[in-house]
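Novice: what's the 3D shape of this:
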Amino acid sequence: MTAAFFDDLCRHASRELRLDNTERMGQEETVEIDGVSLEVTHHESSASMLVLAELGRITAEDPAQVYRQLLALQLLTWHQPGVRFGYDEGSDAVVLMLGVPLREDMTGPWLAQALRGMAAQVKQWRATLLAGMFVWDGARAGPQTRDGAHGPRTTLA
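Specialist: Predicted structure coming up:
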């Protein structure tokens, strides 16, 4: 899959989502969708893209309980092999990671809908299974780049 295809896919999805900056997505920067920080990334050597959604920073007094809950949640999503959880040291946040094989029939509206769905899932988990375990800072001064104080630093191999 070419970098131009991926860039066009992200740009079209950004337009569909009515993002202020339609060039940010796919450029190793986060975008906010429905109150959830997401990053979409791709390396040309890979046939997949990676979508990261920030669950938030752990606030529970017993962090081990949070990780047990995340592992239980990961077990519940066994039928979705591309779904996994990670920890981003740069932002001190737990992230939901989704590996998505790129296909030439993907469109901007499809990606926009998928990102809205991922944001909705994160919000649902924050309100139910992970309630009270995370805090997310919607008051940050916009998305941060990789050289900023936070933002996912995971890359595709």
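Novice: contacting residues for residue 127?
Specialist: Residue 127 makes no contacts at all, as judged by CB atoms under 8 Å, 6 or more residues apart in numbering. Where C-beta positions appear, they are placed from N, C-alpha and C, glycine not excepted.
Novice: could you check how far it is from residue 104?
Specialist: Between residue 127 and residue 104 the distance is 37 Å, computed by CB to CB, to the nearest Å.
Novice: ok so residue 94 is a strand residue?
Specialist: Yes - assigned with DSSP: H, G, I helix; E, B strand; the rest coil, residue 94 falls within a strand.
Novice: test my guess that it contacts residue 71.
Specialist: No - the pair residue 94 and residue 71 fails to qualify as a contact (CB atoms under 8 Å) at a distance of 11.7 Å.
Novice: between those two, which one's more packed in?
Specialist: Neighbours per residue, other CB atoms under 10 Å: of residue 94 and residue 71, the larger number sits with residue 94, 21 against 11.
Novice: distance of the more buried one from residue 53?
Specialist: With CB to CB as the criterion, residue 94 and residue 53 are 10 Å apart.
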